[in-house]
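> Task: produce atomic coordinates for the following.
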Amino acid sequence: MEISVETIGFPRVGEARQLKFALEKYWRQKISLEELLQTANSVEEQNWKVQLAAGVDRIGVGDFTLYDHVLDWTMRLGCEPSRFRSIEDDTDRYFAMARGRTGIPAMDMTKWFDTNYHYEVPEIDQDCSPHANFTSFLDEITRAIDVLGSQRAVPIVLGPLTYVGLSKLKNVAPSDIVKKLTTVYADLFEKIVKLGVAEVQVHEPILVTSKGPGMVEMIPALYGGDGTRGALTADDRLAVNLVMYFDGLDESVYRAVSGSNVASVSMDFTRGDNIAMLETLGFPTDKRLGLGAIDGRSIWKFHPDDLVQLLKRVRECISSGKIPSKISVQPSCSLQHLPYTVEAEVNLKENKELGLAPVLSFAYEKLGELSAVRESLTKLESASDAFGEVRLSWEDFYRLNPKKQTVWDRITSITESDLSRPEQFAERRPKQMTDCHILPTTTIGSFPQTDEIRRLRRRFVNGTISKSDYETEIDKQIAYNIGVQEALGIDILVHGEPERTDMVEYFAQKLDGFAFTQNGWVQSYGSRCVRPPIIYTDLTRLHDMTVREFVVAQSLTQKPVKGMLTGPVTILNWSFPRKDISRKDQALQLALCLRDEVADLERAGCRVVQMDEPALREGMPLKEQNKDEYLQWAVDAFKLSTAVAKPETSVHTHMCYAEFTDCLDAIMALDADVNSIENARSGNETLEAFKNAGYRKDLGPGTYDIHSPVVPAVNDVQQKLQEFLSCMPPEQLVVNPDCGLKTRKWPETIDALRNMVHATQNVRSQLSLEPTT
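All right, here's what the predicted structure looks like:
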């Protein structure tokens with residue numbers, strides 16, 4: 001039997017987030033491009049060396065990026081939108097596409113499949129003329145060969161089907177643009193052959209989604225089959241490993257890829273049911289099987305029972321001849337979704353009472369798990385015996401963290417009435433926000449997190465200042481935030497969240513059942529990194545979480561101040577969840593905690609509660625047949641959180657950077673009074689979709705892009721508002737930025753909000769709108 005180990009992607013920001021800090025210095029013009037690239041190359045080469053030292057036979061390379069790998073392929077394929085083509089320098093054009101420039105809006109950004117990583121959405125129309133721009137990519141591969149050798153370095157290429165499937169297409173059919181791209185890809189493969197590498201990975205995760213079956217007819221022209229050689233498999237000197245992940249394959253897709261001319265087919269065996277497909281249909285004897293047996297998205301060490309069962313079925317397939325004995329053990333997907341190493345988590349390792357560290361596995365540890373699987377398959381020994389140490393760690397963990405019966409009793413007692421507001425929207429809406437203008441202005445929640453605020457939090461965490469002194473300083477910042485909003489004339493205020501490091505981590509720290517890393521950073525997009533908390537046991541709320549700061553803010557103004565909460569589905573999707581109970585049960589546990597918080601906020605005088613759910617859409621399954629079940633429990637969790645609110649309380653939610661058109665029914669079913677949505681980069685497509693779906697509640701489309709440092713002009717915001725008004729009446733609209741302002745600087749924040757308010761006042765004047773009474 002020939003068993004090898006291969007990786008298909010790795011974390012990209014550096015163990016100490018070196019790339020993040022270098023990028024931000026470069027944008028502030030504190031370092032040169034040469035210095036930025038030196039840092040990037042150093043991080044990338046360290047990644048290669050770690051995998052080499054771990055005994056990985058074939059190491060995926062070329063997936064490293066300064067901002068986003070999909071944006072990289074937009075550059076490499078010469079598919080830049082026309083509005084950026086006047087920018088001659090490649091680097092300037094690259095960052096302009098990501099972040100925008102004055103008068104040139106950035107590209108749209110959305111979630112990478114069902115993960116919390118964001119990619120820049122390619123824009124392709126009938127005038128798109130792809131052309132090769134592979135110099136930097138080939139230089140990267142050359143550097144990898146110098147470190148790893150030509151047989152171990154395996155270039156990672158984002159496949160044409162996935163690139164097109166993730167794109168925003170205008171007046172062009174997917175098959176037509178794939179044909180245009182095929183020539184460019186073929187040119188790249190010729191250049192890769194000349195570098196002397198033996199294999200290339202072509203990543204086509206789009207094939208596991210509901211779009212996959214519709215792309216089957218395009219597979220032979222690219223990868224061979226049905227008597228066709230395939231444009232990307234025409235050269236026998238370069239083996240193609242077709243890599244698909246995040247779910248199982250439909251039968252039609254599996255038949256197409258297994259009948260193609262690729263040398264290897266790599267699949268995810270941690271999601272979906274690909275093993276059943278192999279048992280039923282077999283696997284071609286002329287190909288290597290890429291066995292994605294280790295979950296590349298989970299921070300948990302593999303559970304022996306689950307892995308033993310999978311490997312047992314693999315062995316049975318080998319014995320029966322259904323699959324060949326030529327196997328590559330791999331992660332299920334790129335390890336970019338994980339932190340670097342558990343070894344950096346000193347606090348968790350020292351906390352023996354939790355027993356958590358021994359059952360955690362980050363990117364470096366996953367490499368060891370791959371070797372363990374290879375050893376088990378190679379020796380053909382009982383996997384149960386091989387994984388005995390891991391089993392003991394799990395047994396110890398469960399002993400230390402038993403089930404909380406009171407939590408489960410509360411979940412089983414949930415009734416339909418717990419999910420319903422006391423009155424319907426038409427009855428309760430006239431009772432809400434009665435002292436606000438029509439077209440009320442507001443913000444999404446957070447204000448700039450200054451260096452002073454971060455230093456203050458560090459001093460409090462380190463114990464160098466008392467809780468009383470810390471709260472005094474936080475209250476000063478809240479007062480400043482309220483003062484700025486009052487001066488600008490904003491109608492519905494926020495306290496600005498100076499006490500919060502992160503919209504998920506903050507609430508996780510207030511709940512019992514979460515654990516936290518010191519260095520567990522993962523990339524969200526560009527230089528934006530997040531440190532997801534870990535759900536390790538049943539969740540409970542020990543005391544109120546947001547009431548103190550709300551009371552301070554509301555005492556400073558007569559205008560309504562929002563009570564700011566993060567919704568249960570977002571907390572779940574932006575945390576590392578448990579794998580021993582369902583995501584639904586974890587969402588309901590969170591919802592019960594938040595339900596109690598809403599009640600406490602109301603008792604403190606809160607008239608507007610915002611329950612943000614930006615991650616609701618990203619958690620949706622990739623296959624159409626699985627979506628309804630997810631959306632049902634996701635909606636129920638939100639309603640369980642908010643239905644306790646009185647009719648007079650306006651419940652808001654916020655969603656951003658996702659495609660909402662395929663879950664609009666669920667969004668309407670949330671029964672939120674106001675839904676603020678990202679719309680600044682997306683044109684009016686999302687707003688039109690809400691209108692066409694018959695949305696009747698209030699809506700707050702984003703008036704400007706907060707992820708860009710560009711300050712919108714009054715006329716630009718005014719034009720946006722006019723576009724909104726062409727879709728919905730003014731009584732139904734709320735005016736806000738498209739997301740929170742945490743990452744922005746104060747000067748640009750004030751200028752942008754001032755322009756937003758002035759634009760709103762101009763539109764009100766044009767429409768002769770008066771405050772509601």
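
> Thought residue 5 was touching residue 371, still the case?
Yes: Residue 371 is in contact with residue 5 according to CB atoms under 8 Å; the separation is 6.4 Å. To be clear about C-beta, it is placed using only N, CA and C from the backbone, and glycine gets the same treatment.

> out of those two, which sits in the more crowded spot?
residue 5 (21 against 15; other CB atoms under 10 Å).

> Bridging across strands, which residues link to the more buried one?
For residue 5, the beta-bridge partners under DSSP bridges are residue 329.

> Now do the contacts for it.
Neighbouring residues of residue 5 by CB atoms under 8 Å, 6 or more residues apart in numbering: 55-58, 328-330, 370-371, 374.

> A ChimeraX selection for those residues, restricted to the buried ones, would help me check which they are.
To isolate the buried members of these in ChimeraX, using 16 or more other CB atoms under 10 Å:
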select :56,57,58,328,329,330,370,374
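
> Name the helix or strand for the residue nearest the centre of the chain, please.
With distances taken as CA atoms, centre = their mean, the chain has residue 116 as the residue nearest its mean C-alpha position (1.2 Å). For residue 116, there is no helix or strand it lies in under DSSP states H and E.

> Find me the pLDDT at it, would you?
On pLDDT, residue 116 comes in at 89.

> same thing with residue 383?
On the pLDDT scale, residue 383 gets 49.

> Name whatever forms a beta bridge with the closest residue to residue 118 other than its chain neighbours.
Once flanking residues are discounted, residue 118 sits nearest to residue 525: 3.8 Å by CB to CB, 6 or more residues apart in numbering. With DSSP bridges as the criterion, residue 525 is bridged to residue 528.

> ok, which stretches of the stretch 51-200 of the chain are strands?
Applying DSSP state E, counting those that start in this stretch to the stretch 51-200 of the chain gives strands spanning 59-61, 109-111, 118-120, 123-125, 153-158, 168-170, 199-203.

> which residues do residue 371 and residue 5 both contact?
residue 55.

> Out of the helices and strands in this structure, which is least certain?
helix 383-386 (a mean of 58; mean pLDDT, DSSP states H and E).

> Give me the contacts around the next helix or strand after that helix.
Toward the C-terminus, helix 383-386 is succeeded by helix 388-400 as the next helix or strand (DSSP H and E). Here helix 388-400 makes contact (CB under 8 Å, 6+ apart) with 301-304, 353-356, 358-359, 384.

> ChimeraX command for the buried members of the residues you listed?
Command for ChimeraX that selects the buried part of the contacts of helix 388-400, burial taken from 16+ other CB under 10 Å:
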select :301,302,303,304,354,355,356,358,359
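
> Now the two most distant members of the contacts of helix 388-400.
Pairwise distances across these peak at 28.4 Å for 353 and 384 (criterion: CB to CB).

> Quick one: the helices in the stretch 51-200 of the chain, in order.
For the stretch 51-200 of the chain, the helices defined by DSSP state H, counting those that start in this stretch occupy 69-76, 90-99, 135-148, 160-165, 174-195.

> if we compare those helices, which one ends up closest to residue 512?
Judging the helices of the stretch 51-200 of the chain by CB to CB, what sits closest to residue 512 is helix 69-76, at 37.9 Å.
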